[in-house]
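Chemist: pasted the sequence and its predicted model underneath.
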Amino acid sequence: MFLKKVTLLKEKIQTFNLYPFSIPAIKSLDEIKIDRNVTFFVGENGSGKSTLLEAIADKCGFNTAGGGRNNSYDVYETDSELSQFIRLSWMPKVTNGFFLRAESFYHFATHIDEVDENGFKDYGGKSLLQQSHGESFLSLFLNRFNGEAIYLLDEPEAALSPARQLTLLKIIHDLETQGDSQFIIATHSPILLGYPEADIYSFDNGEISKINYEDTDHYSITKYFLENRKRFLHELFKEDE
């Protein structure tokens with residue numbers, strides 16, 4: 001592992017009444033210790049998981065619209081206000097890596113089309129814009145991801161079918177077991193969260209706390225739905241009757 005700890009510098013924050021410091025999970029944060037090569041952030045929409053991941057990416061020098069340290073392009077205001085108030089503890093520090101932001105991946109792909117001069121060698125030899133959304137994600141994972149790097153992925157499942165999510169798990173496993181790749185992933189996917197021996201941090205209930213896979217809503221709701229689909233839907237829709 002490279003990134004060992006994320007600390008919120010509370011003494012530098014003037015007020016917790018403004019976003020993003022007003023997010024309950026961020027407000028309660030002191031530090032997160034990173035003990036595994038694969039770490040997941042989970043929580044409801046607006047819980048702060050993507051906000052913190054973006055701040056980590058910004059602190060790493062990655063483009064917060066998506067990319068690495070050498071991908072410079074403007075989409076919208078991409079500075080993370082939170083990044084100015086966190087400290088990253090490394091051992092050793094790495095500069096190689098990538099921040100995947102699913103919602104702005106199209107802008108990253110357009111940027112690569114504009115600057116690529118080597119026949120998209122880092123993306124499987126084909127423009128990302130000439131592939132489906134899921135295919136372009138996998139091209140990125142398979143060709144640009146390599147050793148001695150940290151990878152920050154924000155909802156990578158957004159473009160992936162369940163089968164392709166399993167492919168991503170295999171890619172993560174191949175890189176992680178070599179001992180020189182680290183992943184921090186914000187996700188809603190119960191498939192990705194099933195990665196063995198990973199740490200899962202929940203951002204729900206106004207705090208950031210470690211949680212077991214089977215205790216996540218992602219697992220329990222999906223399991224209940226699959227095992228009790230008719231009853232689940234009946235309960236869900238009965239208010240409309």
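Modeler: Nice, thanks for sending it over.
Chemist: going forward, measure contacts between C-alpha atoms and count neighbours the same way
Modeler: Noted.
Chemist: pull out the buried residues from the lowest-mean-pLDDT helix or strand in the chain.
Modeler: Using mean pLDDT, DSSP states H and E, helix 105-115 stands out as the lowest-scoring helix or strand of the chain, at a mean of 83. For helix 105-115, a neighbour-count test (16 or more other CA atoms under 10 Å) marks 105-109, 111-113 as buried.
Chemist: pick the one among those residues closest to Phe237.
Modeler: Set against Phe237, the nearest of these by CA to CA is Phe105 (35.2 Å).
Chemist: quick one: contacts for the closest one?
Modeler: Residues near Phe105 by CA atoms under 8 Å, 6 or more residues apart in numbering: 65-66.
Chemist: please repeat the previous calculation with a cut-off of 10 Å.
Modeler: By CA atoms under 10 Å, 6 or more residues apart in numbering, the residues touching Phe105 are 65-67, 111, 128, 133, 136-137.
Chemist: got those residues as JSON lines, with secondary structure and distance to Glu176 columns?
Modeler: Below are the contacts of Phe105 laid out as JSON lines (DSSP: H, G, I helix; E, B strand; the rest coil; distance: CA to CA, whole Å):
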{"residue": "Ala65", "secondary structure": "coil", "distance to Glu176": "25"}
{"residue": "Gly66", "secondary structure": "coil", "distance to Glu176": "21"}
{"residue": "Gly67", "secondary structure": "strand", "distance to Glu176": "20"}
{"residue": "His111", "secondary structure": "helix", "distance to Glu176": "28"}
{"residue": "Leu128", "secondary structure": "helix", "distance to Glu176": "25"}
{"residue": "His133", "secondary structure": "helix", "distance to Glu176": "24"}
{"residue": "Ser136", "secondary structure": "helix", "distance to Glu176": "21"}
{"residue": "Phe137", "secondary structure": "helix", "distance to Glu176": "18"}
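Chemist: torsion angles phi and psi at Gly119?
Modeler: With angles defined as degrees, to the nearest 10, Gly119 sits at phi 70, psi 30.
Chemist: and the closest residue to Ala109 other than its chain neighbours, how many residues sit next to it?
Modeler: Once flanking residues are discounted, Ala109 sits nearest to Leu128: 5.6 Å by CA to CA, 6 or more residues apart in numbering. Leu128 has 24 neighbours, counted by other CA atoms under 10 Å.
Chemist: with Leu152 instead?
Modeler: Look at Leu152: counted by other CA under 10 Å, it has 27 neighbours.
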